[in-house]
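# got a predicted structure plus its sequence, pasted below:
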Amino acid sequence: MSSVVRLKNGERILGTMIRLVKNPALALIAKHAGLDFIMPDMEHAAFSMETLAGIARMAKSCGIECFVRVPELSKAFVSGALDAGVTGVMVPMIETVEQAEKLAFWGKYMPEGGRGFGGIGDHTSFKGANALEYMPEANRTTLTIAQIETGLAIENIEEIAKVDGIDALLIGPNDLANSLGIPGDLFNDKNMNAILKVAREAKKNGKIFGLHGPDKMAEMLLDEGLNLLMSNHDSGLLTSAMNSIVKKFKG
């Protein structure tokens, strides 16, 4: 069973963000380490669609999910990334119902959305697919993730959480704190209360609740239904691992 399906069935899955390493073999390392997914970051790192497709191809071959954070809300990035073979698309700074509806429309096939159908490509492992069989299965095994990270999104969260075709609401705590006027103060009550509001609206509307933030914050939110958990990123993990060598041998 795919990690996306397990997640939709209420299980927790764990992954990390990729900002530095473009070698598709990173998917193998993540799989061997026990992660459920990786997420190349096209918003804050220089990943092309071609590079993304190569990573997604390797991920699929070794049995790990490849999600992506695209840089902006557009058909080219949402539908295009899915056709490149990723199994989940996260769009940053979703703030309104209209934006959430566009993400759902471009991310899901009919009848849930209006994603264009191309039978042969990375998304079908180049073996082709029958539209009537493939489209409902793709809707079931891919994720549309609205990243919630502004004050306006919090104001609109009750309605955003109701949008059909949106699978997950994932918190970006740094930009949320910036938007709320408390930059860097991630554990401020104002920020935490906004995050809890999202968690509760997600639960109320049958959406997946996600976070990419400090591990301490993730631990605090586990009892709030945090099931889509993304910790750290490749550059941070490499820095930490190299620093452990320095501490061990340099003292």
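In hand now; what should we look at? Numbering: from 1, shown residues only.

# excluding its backbone neighbours, what's nearest the most centrally placed residue in the chain?
Central residue of the chain (Cα atoms, centre = their mean): residue 90, 4.6 Å from the mean position. Spatial nearest neighbour of residue 90, excluding adjacent residues (Cβ to Cβ, 6 or more residues apart in numbering): residue 145 at 3.8 Å. Every C-beta, even on glycine, is put in place using the N, C-alpha and C of the backbone.

# check for me that that neighbour belongs to a helix.
No: counting by DSSP: H, G, I helix; E, B strand; the rest coil, residue 145 is not part of a helix but strand.

# beta-bridge partners for it, please?
On the basis of DSSP bridges, residue 145 is bridged to residue 90, residue 168.

# how about the contacts made by it?
Residues counted as contacts of residue 145 (Cβ atoms under 8 Å, 6 or more residues apart in numbering) are 67, 88-91, 167-170, 210, 228.

# mind redoing it with 7 Å?
88-90, 167-168, 170, 210 (Cβ atoms under 7 Å, 6 or more residues apart in numbering).

# going by distance to residue 120, which of those residues wins?
residue 89 (20.3 Å; Cβ to Cβ).

# burial count for the closest one?
Around residue 89 sit 26 other residues, with neighbours defined as other Cβ atoms under 10 Å.

# repeat that for residue 247.
When neighbours are defined as other Cβ under 10 Å, residue 247 has 9 of them.

# any idea how far the residue lying closest to residue 208 once chain neighbours are set aside lies from residue 67?
Counting by Cβ to Cβ, 6+ apart, residue 168 is the residue found nearest to residue 208 once chain neighbours are left out, at 3.8 Å. Taking Cβ to Cβ, to the nearest Å as the measure, residue 168 falls 10 Å from residue 67.

# who has more neighbours, those two?
Neighbour count, other Cβ under 10 Å: between residue 168 and residue 67, residue 67 has more, with 28 against 22.

# let me see the contact set for the nearest residue in space to that one that is not next to it in sequence.
Excluding the flanking residues, the one nearest residue 67 by Cβ to Cβ, 6+ apart is residue 88, at 3.5 Å. Residue 88 sits next to 4, 65, 67, 142-143, 145 when contact means Cβ under 7 Å, 6+ apart.

# mind redoing it with 8 Å?
Contacts of residue 88 (Cβ under 8 Å, 6+ apart): 4, 37, 39, 65-68, 142-145.

# break down the stretch 151-251 of the chain into its helices, ranges please.
151-155, 157-160, 173-179, 189-204, 215-221, 234-250 (DSSP state H, counting those that start in this stretch).

# neighbours of the closest residue to residue 107 other than its chain neighbours, how many?
Spatial nearest neighbour of residue 107, excluding adjacent residues (Cβ to Cβ, 6+ apart): residue 144 at 3.9 Å. When counting by other Cβ under 10 Å, one arrives at 26 neighbours for residue 144.

# thought residue 68 was touching the residue nearest to the centre of the chain, still the case?
Yes: in this structure, residue 90 is within contact of residue 68 by Cβ atoms under 8 Å, at 7.0 Å.

# overlap of the contact sets of those two?
What both residue 90 and residue 68 touch, as defined by Cβ under 8 Å, 6+ apart, is the set residue 39.

# ok, back up a step: overlap of the contact sets of residue 168 and residue 67?
With Cβ under 8 Å, 6+ apart as the test, residue 168 and residue 67 both reach 90, 143, 145.

# would you list those in CSV and tack on distance to residue 200?
Below are the shared contacts of residue 168 and residue 67 laid out as CSV (distance: Cβ to Cβ, whole Å):
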residue, distance to residue 200
90, 21
143, 21
145, 18
